[in-house]
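Participant: prediction below, plus the sequence it came from.
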Amino acid sequence: MRIKTTTSAFTILLSLATGFLPVFGSPAVVDDKALRAQGDGEWLSYGRTYAEQRFSPLEQINEQSVAKLGLAWFVDLDNNRGLEATPLYHDGVLYTSLSWSRVIAVDAGSGAILWSFDPQVDKAKGRDACCDAVNRGVALWQGKVYVGTLDGRLIALDARTGQPVWTQQTTDNSKPYTITGAPRVVKGMVMIGNGGAEMGVRGYFSAYDAETGEMRWRFYTVPAAPSQPVEHPELLEAAKTWSKDTDWSLGGGGTAWDSMAYDPELDLLYVGTGNGSPWNREVRSPGGGDNLFLSSILAIKPDTGRLAWYYQVTPGDSWDFTATQQITLVDMEIDNQLRKVLMQAPKNGFFYVIDRVTGELISAEKFGKVTWAERIDLKTGRPVEVPGSRYEEEPFVMWPSPFGAHNWHPMSYSPLTNLVYLPYQEVPGLYSNEGKSFVPKRAFNTAAGASEVTELPREMTSGALLAWDPVKQQAAWRVDYPHHWNGGTLATAGNLVFQGTAAGIFKAYSADAGKELWAFDAGTGVIAAPMTYRYEGQQYIALMAGWGGVAALFGGDAMVATGSRNVSRLLVFKLDGKAKLPVLSEPPKQLRTPEPVVASARDIQLGGRLYADYCAVCHGAGAIAGGVLPDLRHSPEAIRLAWDAIVRQGAFAPKGMASFADSLSEEQAKQILTYVQHREYQDWMQAMNLIKETE
Ligand code: CA
């Protein structure tokens, strides 16, 4: 193991010799000052700066030179789940996270792994993860690296060695809490939230002392049951927006699983909160109510953890419309007035521009296909809903869906073009009211029938890169993609925007006009956002490439259409880079002739229902996997013979396939197998018929 220390005299000599000055003001230690005004070659926090613009002032790689961009080096990662992290860069070292909350430090010049850390998350915990065993990145502060783990720990590592300095359990592991988001450090405190609102938890986020790990405060995003103590005064007001008949057994939801931003001048921390548990408001809070603080943007005073203001993006959410999507802070001129604004493009499909001093809504317009609401009323700040969209009486098909018009995939903003580069996706959703028949289970608890969706045809879904003008509230340009679930974006002063696609092509566009200037075959679907840094006078672009995340796991026809599978790598590019990725062989096609399934229609139907409830979220809707986890239609015979040992006895628990003995009987596990075999036979018959037709 090789440990890199600090910038050497050699670095400075080399910099002088090559004509590049060393980065003046580049901090040796990441502290409050560094995070407020970091050197232009650095990337010290998830969204680069506290404002989370994901804009880099570097311009060595630019509109003219980008044609010469090539792979500098890559790291093959021992990883078979989605990669969602944005690497951080400080003082010659990249710090990033992999699936199962593992962390690596990599020499930013050579790609040598300096250290790696595995928190040894119990793989059975993967069953509590709604959306793949992913992690979106780490935080840096005073010689430490912070990571939140899937099982709810917050761990401080020594940045030089990767050894743990302190560990705090931030969640109750008897409940289905998970952490996938990147921590942020503000005023010497590590801010961390959690996820789990699909399964049923009560949301909150907390501040921990960065040095000692001691908890400073915790903010609950929804009230507790009335019989429980009230932790802080904001919850008294929030409780008035919940029905007296609320079912608190699933915790209410409102998890803060991704977005945070900080304004040091206003001294306000902005946090986005998620959907309710369960999704369906009629079941969650019978009779209605806004259900604060679900799907809201909260402005928090970081010293005390008290609320300054809030804006609820989707009142009384019933659709998994989280407000956890990226929060970006910009000062911009609107109506001849310089405004301090906050921007968000949440799942619900409206682009919000909000005064970040007061929380006043300035504007909100649709950025894609939106059929659940007509518009946002600027006077009340509330959506004007389309009748029927709450699916109380009849099932309702609408846009967007639980996948969101925009999900966690980071957007970027360029102060040079005043445009937001937004990974847009168009995916319909079908919601139906489970009403009184809903029974909570240790699985997705939506009460909206959403787990029954078995098809997502490729014709019905698409994606786009939108260059969104937040003042005019319209697209300045757009690039359409045939698939949804494309990667996050990066904007640079070289008039460039970078984005990887679901089909695995990493691209660069001109930021002002959207002209494609460069493309690279990443060999795997890309979901993460790229970042850039400068090391020894050279600008690099880094990308975590590895197909996965909730849409890829949920699979279906639309994800099969991407042709992507998981090949996990850290890819790093520079001008005149000459490295090559090895060409991988195609996985063998499954061509066996299945036996017709000898089972009753009832068993197949029950198996299909159980599959939808317990299996689809990882192995794909309709038993069509999306290129990450095994497609059960094509399981080898040995797997089918060992079915009960795997499904109920935990034989594959160390691989992330937990035991379902607490939820499924032996007979039910068999019914699922019957359904899966039936699906294989159906598809084979269909393929044979197609061959006949074309002959
Ligand atoms: Ca959700």
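Facilitator: On my side now, so go ahead. All values reported here derive from a predicted model rather than from experimental measurement.
Participant: backbone dihedrals for the residue lying closest to Met189 once chain neighbours are set aside, both of them.
Facilitator: Using Cβ to Cβ, 6 or more residues apart in numbering and skipping the chain neighbours, the partner closest in space to Met189 is Ala207 (4.2 Å). For every residue, glycine as well, the C-beta is placed using N, CA and C. Main-chain dihedrals, Ala207, degrees, to the nearest 10: phi -120, psi 130.
Participant: adjust the sequence numbering to begin at 719 for everything that follows.
Facilitator: From this message on, residue numbering opens at 719, which makes the last subject Ala925.
Participant: OK, contacts around Ala925?
Facilitator: Ala925 makes contact with Val904, Met907, Val908, Met909, Met933, Arg934, Trp935, Arg936, Pro1020, Gly1023, according to Cβ atoms under 8 Å, 6 or more residues apart in numbering.
Participant: what subset of those is buried?
Facilitator: Val904, Met907, Val908, Met909, Arg934, Trp935, Pro1020, Gly1023 (16 or more other Cβ atoms under 10 Å).
Participant: now, the residues you listed that are in strands?
Facilitator: By the criterion of DSSP state E, membership of the buried ones among the contacts of Ala925 in strands covers Val904, Met907, Val908, Met909, Arg934, Trp935.
Participant: distance of the third one relative to Tyr988?
Facilitator: Shown here: Val908 relative to Tyr988, a distance of 16 Å by Cβ to Cβ, to the nearest Å.
Participant: check the fifth one too.
Facilitator: Using Cβ to Cβ, one gets 18 Å for the distance from Arg934 to Tyr988.
Participant: neighbours of Ser1303, just the number please.
Facilitator: 6 (other Cβ atoms under 10 Å).
Participant: so what pLDDT did it get?
Facilitator: Looking at Ser1303, its pLDDT stands at 77.
Participant: identify the residues contacting Asn1204.
Facilitator: Contacts of Asn1204 (Cβ under 8 Å, 6+ apart): His1127, Pro1141, Gln1143, Gly1181, Leu1183, Gln1217, Gly1218, Thr1219, Ala1220, Val1244, Ile1245.
Participant: so it, which of the three states?
Facilitator: Secondary structure assignment for Asn1204 (DSSP: H, G, I helix; E, B strand; the rest coil): coil.
Participant: same list (the buried ones among the contacts of Ala925) but as a markdown table, adding distance to Lys1296 and pLDDT.
Facilitator: Converted to a markdown table, the buried ones among the contacts of Ala925 look like this (distance: Cβ to Cβ, whole Å; pLDDT from 0 to 100):
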| residue | distance to Lys1296 | pLDDT |
| --- | --- | --- |
| Val904 | 41 | 97 |
| Met907 | 44 | 98 |
| Val908 | 40 | 98 |
| Met909 | 41 | 98 |
| Arg934 | 49 | 98 |
| Trp935 | 51 | 98 |
| Pro1020 | 46 | 98 |
| Gly1023 | 51 | 98 |
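Participant: all helices in the protein, in order from the N-terminus.
Facilitator: Taking DSSP state H to define them, one finds helices in the chain at 727-735, 750-754, 952-957, 999-1002, 1267-1272, 1275-1278, 1319-1328, 1334-1337, 1355-1359, 1361-1365, 1384-1412.
Participant: just to revisit the earlier point, among the contacts of Ala925, which one sits closest to the ion?
Facilitator: Nearest to the ion out of these is Met909 (Cβ to the ion; 20.0 Å).
Participant: quick one on the thing from earlier: just give me the closest of the contacts of Asn1204 to Asp758.
Facilitator: Gln1217 (21.8 Å; Cβ to Cβ).
Participant: now for that closest one, how many residues are close by?
Facilitator: For Gln1217, using other Cβ under 10 Å, the count is 25.
Participant: who are the contact partners of the nearest residue to it once chain neighbours are set aside?
Facilitator: Setting aside the residues directly before and after it, Gln1217 is nearest to Thr1207 in space (Cβ to Cβ, 6+ apart), at 4.8 Å. For Thr1207, the contacting residues are 772, 1127-1130, 1139-1141, 1183, 1215-1217, 1247-1248, by Cβ under 8 Å, 6+ apart.
Participant: among those residues, which two are most distant?
Facilitator: Leu1140 and Pro1248 (15.2 Å).
Participant: residues from this structure in reach of the ion?
Facilitator: Asn993, Asp1038 (Cβ under 5 Å from the ion).
Participant: show the pLDDT at the residue lying closest to Ile1364 once chain neighbours are set aside.
Facilitator: Nearest non-adjacent residue to Ile1364, counting by Cβ to Cβ, 6+ apart: Phe1370, 5.1 Å away. Model confidence at Phe1370, given as pLDDT, is 95.
Participant: and Phe1370, its phi and psi?
Facilitator: Backbone torsions of Phe1370, given as degrees, to the nearest 10, read phi -110, psi 20.
Participant: wait, doesn't it sit right on Ser1353?
Facilitator: No: at 11.6 Å, Phe1370 and Ser1353 do not qualify as touching, with contact defined as Cβ atoms under 8 Å.
Participant: name the residue in those two with the higher neighbour count.
Facilitator: Neighbour count, other Cβ under 10 Å: between Phe1370 and Ser1353, Ser1353 has more, with 20 against 17.
Participant: now do the contacts for the more buried one.
Facilitator: With Cβ under 8 Å, 6+ apart, Ser1353 has these contacts: Val1394.
Participant: just Ser783 next, same as before
Facilitator: Taking Cβ under 8 Å, 6+ apart as the test, what Ser783 contacts is Gly1212, Leu1293.
Participant: just Pro901 next, same as before
Facilitator: By Cβ under 8 Å, 6+ apart, the residues touching Pro901 are Val856, Ala857, Tyr864, Val865, Gly866, Leu872, Val908, Met909, Ile910.
Participant: excluding chain neighbours, give the residue nearest to it in space.
Facilitator: Ala857 is the one closest to Pro901 (Cβ to Cβ, 6+ apart), at 4.2 Å.
Participant: just give the number of residues close to that neighbour.
Facilitator: 27.
Participant: so what's it bridging to?
Facilitator: Beta-bridge pairing for Ala857 (DSSP bridges): Tyr864.
Participant: cool, thanks, signing off.
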